[in-house]
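S.K.: Based on what follows, work out the 3D shape:
(chains A and B)
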There are 2 protein chains.
Amino acid sequence: MSDSTRFAGQILGKFVAGSAWADIAAPLRHEAKRSILNHLGCALGVAQDPAVTTALSVMRAFSGLPAATVVGQGARLDPMSAAFVNAIASNLLDYDDTHLRTVIHPAAPLAPALLALAEQRGFSGAAVLHAFLLGGEVECRIGNAVSPGHYARGWHITSTCGAFGAAAGCARLLGLDAERTWHAIGIAASQAAGLVENLPTAAKNIGVGNAARHGMLAALFAEQGYKAAPAAIEGPLGWARATGDACDIGAITEGLGSDWEIGRNTYKPYPAGIVFHAVIDACLELRDSIGVPPEAIARVTVAGDALLLARGDRVVRNERDARVSIHHSAALGFIRGRAGVADFEMPAVTDPALAAFRAKVVALLDDSLPRGAATVTVQLADGREARTTVTAPRGSIERPMSDAELEAKFRDNAAIGGFVGRADRQIEAIWELEAAAEIGPLMALLA
Amino acid sequence: MSDSTRFAGQILGKFVAGSAWADIAAPLRHEAKRSILNHLGCALGVAQDPAVTTALSVMRAFSGLPAATVVGQGARLDPMSAAFVNAIASNLLDYDDTHLRTVIHPAAPLAPALLALAEQRGFSGAAVLHAFLLGGEVECRIGNAVSPGHYARGWHITSTCGAFGAAAGCARLLGLDAERTWHAIGIAASQAAGLVENLPTAAKNIGVGNAARHGMLAALFAEQGYKAAPAAIEGPLGWARATGDACDIGAITEGLGSDWEIGRNTYKPYPAGIVFHAVIDACLELRDSIGVPPEAIARVTVAGDALLLARGDRVVRNERDARVSIHHSAALGFIRGRAGVADFEMPAVTDPALAAFRAKVVALLDDSLPRGAATVTVQLADGREARTTVTAPRGSIERPMSDAELEAKFRDNAAIGGFVGRADRQIEAIWELEAAAEIGPLMALLA
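M.R.: Presented below is the predicted three-dimensional model:
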């Protein structure tokens, strides 16, 4: 960087505007497709959820020309409104992707803005994938710079950092130069909002939807000449200090373009809190290895670190409880041998077989286990015992979901949303995005 | 309040939903009209400013049915988009109203949302005035609770607290019950954003426009059943803590409904920084009392506190400098005998007579003077001297703008915006708002 490049937004603007698709390595290109596959499946899965249909009906009254598809709704809105609703859908169950270091869900605020803008303006699939990687990189790197204090203080980091990512991605898609991209990122700083306190409520959705919409708005205004302060992120009265944190600017820019944070995106195999994934995996593994019916099991002991116990040792009364329950996770592993979306809904919560099994599960603190790990011990009625420890569950960086697993997750989601027939064609269109001259055909399949 | 009323948003929700127009005292009703008169004049004055026309052109592509007037533009947009542009216009030059304790500009984020929604749905003038007072009260009281730390940390308090005010006002206009109004305020907490760092740039406008739009969005979603966390404002991971401040909940609710903060709204007579108003007033007074031509003045000494000197002792190169210059303020007082919008624009900046007079002005620290006061001493070429001190300038709480002065300011703004012919009818329609069955006729006059 030259001496004149001093501000975080300025360095990011140069990076985003100057990046060449030809320089993006094949694995990273493929990761972008995996992220979008996972993202769109999650949105399809909740297409009939009232939170999503309500968002659609409110925005419909305030939408301009319907040029962008609302996923799974048979409806189109203007690109900003479509991005708002699609972002809400994708993140609704927190079943989407996770950048583990920051707990950002990178795709939800970003991909809907890019897909909507590209659908309206006829941009190519490769342009969308490239903008996704660049926007995601901006989003996760700014997140790194303010983590973990930002989330701990109450900021829903997916919503706040998502606005930066969507701004940078949309700026790239619109072909803005480095300076206008810098301004777009700075305008996003004046729009970043969303609170952890509101996460258990529908107000969460507004924050996530806004991030997508605001990012697009920032890029559109920067395109028309609106400017922001040079140090909108790190200045003395800028975003980082206002939100309560000193910003580690170095984390934003160090290794930019060579060490890709968005390449560390992960995907959830189960629609449960991420710390419960090791519990589910361990129980699935034991179910296979011991090969006895559930009645033969007398007791299951689940050991984990303090976070697992604090979050998961609870009575299960509703869907929200089920998604963060040690007992329900273990019961699904042994009784159903799976843990899909339907397995955390009310029929599963009230299923007598699951309820009876939950009562056999005991949670135990084991401080020697790392975060995200679990040891499960099964005591059979005949006195035998079996045990396994999972430290890297499916979907972790060490054991990523395979393409086939992501496809299966997509099909599962599509079926839940009521879209069985077209899943194969949708999956195929996503894998072929890089060669697509326009993304309209993919979006038509998702309508 | 009953024991079950424990949360700030809950208390505000009860207050807003339960207020009766018949219980609002006449002076407060009149203050609402004065605020709206001042607000609409400011928006008319900048109708031709590129920042406003750019905002209109960007939003036009994303607007639903054009049911709300964009002030001074001959254009209509959907209510959310119209509110966005009108909020930007009203606050563009910071010539609008000021709640002095918080430095909030109460009307900009609030009135546009109310007027747009009322125009679309046919609500009455009295309903708008009532919602304005209630929304403004919520806005200023939440501002009190986080001041002065909030602004000092970098939050543009007009944008952040404006979202709460617009949410509460729109909730009232929509007839939401106490609980839904509480949720609307909580949803606003997840949308409040805007940075002081960005104030010298067009990014400021986005924050102010969003506040209006977000408040309306929050109310519309709350109407449809979206909920927020009970303690979205003051909770451990809520808005106040996330933004870096402990929230003084007492300041939000103490005296609510009897001691009206929005009744302390003030209006600027001059489009200059508020600390320069005493300088202008003192010079106007001396000009009248000494009655000599400018050439007879050898030297003008302006004494004030540290803030006045820190902000105002500067070389004037452009319009922004002129609005925060001791020297330019004094020159306008003596040379032009007025300080309207045009007197701070480039022709005035480069006017040789003003430039020559600015060179005669000396700034002097006088720590004994209170904030906002100024002592001006004139030395004539013949050796005589005259002096006056102004501690309560025009437009301050102690010396409020009269109705006639607000009308004159409105006419001045209307003329600058290019709308001379209709100002009298517009003013009349605003004074008669309380009896208007619908506000459509007023908005048509403002188109």
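
S.K.: Contact partners for the closest residue to chain B within the stretch 251-400 of chain A?
M.R.: Closest residue of the stretch 251-400 of chain A to chain B, C-beta to the nearest C-beta: A:Arg320 (13.3 Å). Just so you know, the C-beta spots here come from the backbone N, C-alpha and C atoms, and that holds for glycine as well. When contacts are counted by C-beta atoms under 8 Å, 6 or more residues apart in numbering or on different chains, A:Arg320 touches A:Pro200.

S.K.: Mind checking what secondary structure it has?
M.R.: helix (DSSP: H, G, I helix; E, B strand; the rest coil).

S.K.: So it versus A:Gly74, what's the distance?
M.R.: Counting by C-beta to C-beta, to the nearest Å, the separation of A:Arg320 from A:Gly74 is 29 Å.

S.K.: What of A:Met346?
M.R.: A:Met346 is 26 Å from A:Gly74, by C-beta to C-beta.

S.K.: Excluding residues flanking it in the chain, which one is nearest A:Lys14?
M.R.: Of all residues not flanking A:Lys14 in the chain, A:Ala178 sits nearest, at 4.5 Å (C-beta to C-beta, 6 or more residues apart in numbering or on different chains).

S.K.: what about the helix or strand of chain A with the lowest mean pLDDT, distance to the chain center?
M.R.: Ranked by mean pLDDT, DSSP states H and E, the weakest helix or strand in chain A is helix A:306-312, scoring a mean of 88. In terms of C-alpha atoms, centre = their mean, to the nearest Å, the centre of helix A:306-312 is found 22 Å from the chain centre.

S.K.: Is there any residue in that helix that contacts chain B?
M.R.: No - under the criterion of C-beta under 8 Å from any C-beta of the partner chain, chain B is not reached by helix A:306-312; the shortest gap measures 15.0 Å.

S.K.: Run through the residues that contact the residue nearest to A:Lys14.
M.R.: Contacts of A:Ala178 by C-beta under 8 Å, 6+ apart are A:10, A:13-14, A:16-18.

S.K.: Pull out the buried residues from these.
M.R.: A:10, A:13-14, A:16-17 (16 or more other C-beta atoms under 10 Å in any protein chain shown).

S.K.: Work out for me the element the nearest residue to A:Ile262 once chain neighbours are set aside sits within.
M.R.: Leaving aside its chain neighbours, A:Ile262 sits nearest to A:Gly136 (3.5 Å; criterion: C-beta to C-beta, 6+ apart). Using DSSP states H and E, A:Gly136 falls within helix A:125-146.

S.K.: which helices and strands does that helix pack with?
M.R.: Counting contacts by 3 or more C-beta pairs under 8 Å, 6 or more residues apart in numbering or on different chains; DSSP states H and E, helix A:125-146 is packed against helix A:8-18, helix A:26-45, helix A:107-121, helix A:157-173, helix A:249-253.

S.K.: Show me what the second one is packed up against.
M.R.: In other words, helix A:26-45. Helix A:26-45 sits against helix A:79-91, strand A:97-99, helix A:107-121, helix A:125-146, strand A:265-267, helix A:403-417, helix A:423-431, with contacts defined as 3+ C-beta pairs under 8 Å, 6+ apart.

S.K.: any chance you could map the helices in the stretch 201-350 of chain A?
M.R.: Secondary structure of the stretch 201-350 of chain A (DSSP state H, counting those that start in this stretch): helices located at A:203-223, A:239-242, A:249-253, A:277-290, A:306-312, A:319-323, A:326-331, A:346-349.

S.K.: Reformat the ones you listed as TSV; add distance to B:Glu428.
M.R.: Listed next are the helices of the stretch 201-350 of chain A as TSV, based on distance: least, C-beta to C-beta, whole Å:
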stretch	distance to B:Glu428
helix A:203-223	36
helix A:239-242	43
helix A:249-253	56
helix A:277-290	68
helix A:306-312	63
helix A:319-323	56
helix A:326-331	67
helix A:346-349	60
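
S.K.: Looking at those helices, which is nearest to B:Arg394?
M.R.: helix A:239-242 (33.5 Å; C-beta to C-beta).

S.K.: right, is the closest one up against chain B?
M.R.: Yes - counting by C-beta under 8 Å from any C-beta, chain B is contacted by helix A:239-242 at A:239, A:241-242.
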